[in-house]
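J.: predicted model and sequence follow; I will ask about them next.
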Amino acid sequence: MDNKPRFAVPGVPQHVVQRGRDCAPCFSHESDYSFFLDCARDAAVQHLCAVHAYVLMRDHVHFLVTPASAEGITHFMRQLRRRYAVYYDGVRGNAGVPWEGRFRASLVEARAFLLTCYRYVELNPVRVGLVDHPGSYRWSSYMGNAFGRPDPVITPHSLYLELGSSEYRRQCAYRSLFQAPFDDGELRRIRAALNREGILGDDAFWRDRLPAPGSVAPPVRGRRRKRDVAAELAALESLLAQEPWY
């Protein structure tokens, strides 16, 4: 079902993952990847979503996105899914839509986890063994963020801009982030947040960013008490991925 309420806070980044239906391929040719990126660029502009990082895998996609409105990412993904589905059906001759019924998303506490999520997204092809280095994979934002290759899809986050006082310094600092191995604990926490469609952040982040009454929020029984926050966070950290959210 696509009607499960989501966390949505304007100006807070989200890590978004969309899988193909039954894990089937979403892309077969280079033209498919290129068209999808054109769709992503247009949808991001129309719905005021800043895409900071992305990767297009054969059977799923990752985005790191900051919306200007609470509904921005929902509208961004809806337009992207629909436009690509029409293309997929017409050009590839496949009946139906190529997508799983629902995309997954988790809010990201920027100061603590944003740059980690940049790395998580762009290292996806390396983790699954497609390439030895993220720069060798064409369909991601790595070359734009790490070397300044023109990429009309991405918009730098303010924390990315803080990496250096010039483009050259930022790019050098960004590349240095990829020299250290990814911590297993960070991997588990990112995947758990996606599976739960919750928040990747600490206790204070939960308290400060819980949606106001009437806004989009995860379904709960009764009112959420502040003392439940630590328990929710502990559950989030301990929840292991139930699916391979690479």
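T.: Perfect, I can see it now.
J.: shaky segments in this protein?
T.: 1-5, 92-97, 203, 205-246 (pLDDT under 70).
J.: quick one: the helices in the protein?
T.: Taking DSSP state H, the helices of the chain run over residues 30-46, 72-92, 110-122, 124-127, 142-147, 158-161, 167-177, 184-196, 203-209, 228-238.
J.: would you list the ones you listed in TSV and tack on mean neighbour count and distance to Gln18?
T.: Using the backbone N, CA and C atoms, a C-beta is placed for each residue, glycine as well. Converted to TSV, those look like this (neighbours: other C-beta atoms under 10 Å; distance: least, C-beta to C-beta, whole Å):
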stretch	mean neighbour count	distance to Gln18
helix 30-46	17	10
helix 72-92	18	7
helix 110-122	21	13
helix 124-127	19	13
helix 142-147	21	19
helix 158-161	14	23
helix 167-177	15	25
helix 184-196	18	11
helix 203-209	14	24
helix 228-238	14	21
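J.: of all the ones you listed, which one comes closest to Gly20?
T.: Nearest to Gly20, of all the helices of the chain, is helix 72-92, at 9.9 Å by C-beta to C-beta.
J.: which other residues reach that closest one?
T.: Helix 72-92 has contacts (C-beta atoms under 8 Å, 6 or more residues apart in numbering) with 6, 8, 10, 14, 16, 18, 26, 28, 31-32, 35-36, 39-40, 42-44, 46-49, 65, 67, 94-99, 103, 105.
J.: for Gly135, which of the helices of the chain is the nearest?
T.: helix 142-147 (5.8 Å).
J.: which strands and helices lie in contact with that closest one?
T.: Helix 142-147 is packed against helix 110-122, helix 167-177, with contacts defined by 3 or more C-beta pairs under 8 Å, 6 or more residues apart in numbering; DSSP states H and E.
J.: got the angle for the shortest one vs helix 110-122?
T.: Using axes from the mean of the first three to the mean of the last three C-alpha atoms, to 10 degrees, one finds that helix 167-177 and helix 110-122 are set 80 degrees apart in direction.
J.: now for helix 167-177, which elements pack on it?
T.: With 3+ C-beta pairs under 8 Å, 6+ apart as the test, helix 167-177 has helix 110-122, helix 142-147, helix 158-161 packed against it.
J.: save these as TSV, and put in distance to Arg196 too.
T.: Converted to TSV, these look like this (distance: least, C-beta to C-beta, whole Å):
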stretch	distance to Arg196
helix 110-122	15
helix 142-147	27
helix 158-161	24
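J.: closest to Cys172 out of the ones you listed?
T.: Comparing the helices and strands packed on helix 167-177 under C-beta to C-beta, the one sitting nearest is helix 142-147, at 9.0 Å.
J.: ok, and what's touching that closest one?
T.: 53, 118, 122, 134-135, 149-151, 153-154, 156, 160, 171, 174-175, 178.
J.: what's the neighbour count on His133?
T.: 11 (other C-beta atoms under 10 Å).
J.: how much space between it and Pro98?
T.: 29 Å (C-beta to C-beta, to the nearest Å).
J.: wait, Phe182 touches Leu123, no?
T.: Yes - with contact defined as C-beta atoms under 8 Å, Phe182 reaches Leu123; the gap is 6.5 Å.
J.: which one of the two has more residues nearby?
T.: Taking other C-beta under 10 Å, Phe182 and Leu123 do not tie; Leu123 has more neighbours (22 against 15).
J.: the more buried one against Phe178, yeah?
T.: Yes - using C-beta under 8 Å, Leu123 makes contact with Phe178 at a distance of 7.1 Å.
J.: now the common contact residues for these two.
T.: Joint contacts of Leu123 and Phe178 (C-beta under 8 Å, 6+ apart) are Pro134.
J.: buried ones in stretch 52-72?
T.: Within stretch 52-72, the residues scored as buried using 16 or more other C-beta atoms under 10 Å are 52-67, 70, 72.
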